[in-house]
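1. this one's sequence-less:
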């Protein structure tokens, strides 16, 4: 499976937002996943990571997360964060990228943070 990554940028009031989309190329392009990143004042926040059900466990989420981290670093961000539901069955996915649980909002979700060192 050949997967290509596409970035769609918007800027609103000095806040950059990028939607990173993974597309499978098998004679035609089909959507496989997306991640949404907001970049501002030295930090990045991931508000959405989605991989189509039929495409899960094939490395699409890893490709998207790696690109989101690269975009944040290239933008000059010092940290990146995201919120994860405690019920999320893939919560360990973020461990492999060295995200740390840095805050528990309530009984339902955690804030995960990662320092970006160059």
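-> On my side now, so go ahead. These figures come from a predicted structure and were not determined experimentally.
2. which other helices and strands contact the stretch of helix or strand residue 45 belongs to?
-> Here residue 45 is covered by strand 43-51, with elements defined by DSSP states H and E. With contacts defined as 3 or more CB pairs under 8 Å, 6 or more residues apart in numbering; DSSP states H and E, the secondary structure elements packing on strand 43-51 are strand 29-40, helix 60-74, strand 79-85. C-betas here are computed from N, CA, C, even on glycine.
3. So what's the gap between the second one and the chain middle?
-> In terms of CA atoms, centre = their mean, to the nearest Å, the centre of helix 60-74 is found 6 Å from the chain centre.
4. Quick one: mean pLDDT for that helix?
-> Computed over helix 60-74, the mean pLDDT rounds to 92.
5. Going by neighbour count, which residues of it are buried?
-> 60, 61, 63, 64, 65, 67, 68, 69, 71, 72 (16 or more other CB atoms under 10 Å).
6. Identify the residues contacting the nearest residue to the fifth one once chain neighbours are set aside.
-> So the one you mean is residue 65. Counting by CB to CB, 6 or more residues apart in numbering, the nearest residue to residue 65 once its immediate chain neighbours are dropped is residue 97, at 5.8 Å. Residue 97 makes contacts with 65, 69, 114, as judged by CB atoms under 8 Å, 6 or more residues apart in numbering.
7. And for residue 114?
-> Residues 69, 79, 80, 81, 97, 98, 99, 100 are the ones in contact with residue 114 under the rule CB under 8 Å, 6+ apart.
8. Please spell out the PyMOL selection for the buried subset of those.
-> Below is the selection syntax for PyMOL that covers the buried ones among the contacts of residue 114, with 16+ other CB under 10 Å defining burial:
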select buried, resi 69+80+81+99
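9. For my notes, please list the contacts of residue 114 in TSV and give distance to residue 87 for each entry.
-> Rendered in TSV, the data for these read as follows (distance: CB to CB, whole Å):
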residue	distance to residue 87
69	25
79	25
80	22
81	19
97	20
98	23
99	17
100	20
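10. Rank the contacts of residue 114 by pLDDT and give me only the lowest.
-> Note: of those, the lowest pLDDT belongs to residue 100, at 87.
11. Might you report the residue contacts of that residue?
-> Residues touching residue 100, when contacts are defined by CB under 8 Å, 6+ apart, comprise 112, 113, 114.
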